[in-house]
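below are the sequence and a predicted model; questions follow.
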Amino acid sequence: MGQVLSSFCWFFCLVVNARHLTHDFQARKESHFILVWKIVSLNIILLKFLDTRFL
């Protein structure tokens with residue numbers, strides 16, 4: 001159960017962040033690398049939190 005929930009949350013966050021990233025990338029292209037770094041680190045932190053909480 002925990003594994004399924006973690007995978008679903010990971011996929012959901014990835015989709016939401018991808019939409020946010022493409023929108024921000026069109027708005028201001030100079031901070032593309034910073035945005036990618038923030039989103040990747042946020043997803044890793046969230047995934048680790050979900051793994052320790054539910055597994």
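Good, I have the coordinates.

if I look at W10, how far off is F49?
Distance check for W10 against F49: by Cβ to Cβ, to the nearest Å, it reads 11 Å. Placement of C-beta: from N, CA and C, glycine included.

the more surrounded of these two?
W10 (16 against 12; other Cβ atoms under 10 Å).

just say helix, strand or coil for the more buried one.
At W10 the chain is in helix, as set by DSSP: H, G, I helix; E, B strand; the rest coil.

I'd assumed I45 was in contact with it.
No. Taking contacts as Cβ atoms under 8 Å, W10 lies outside contact range of I45: 11.7 Å.

show me the shaky parts of this protein.
Across the chain, the ranges flagged by pLDDT under 70 are 1-3, 5-6, 9, 20-32, 52-55.

now do F11 against V36, distance only.
Applying Cβ to Cβ, the value for F11 to V36 is 18 Å.

so these two - more neighbours on which side?
Counted by other Cβ under 10 Å, F11 and V36 do not tie: V36 has more neighbours, with 13 against 10.

can you say which helix or strand has the more buried one in it?
For V36, the host element (DSSP states H and E) is helix 32-54.

who are the packing partners of that helix?
Secondary-structure packing of helix 32-54 (3 or more Cβ pairs under 8 Å, 6 or more residues apart in numbering; DSSP states H and E): helix 2-27.

where's V16 relative to L47, distance?
Counting by Cβ to Cβ - V16 and L47 are separated by 14 Å.

settle it for me: which of these two has more neighbours?
For V16 versus L47, the count of surrounding residues by other Cβ under 10 Å is larger for L47: 16 against 11.
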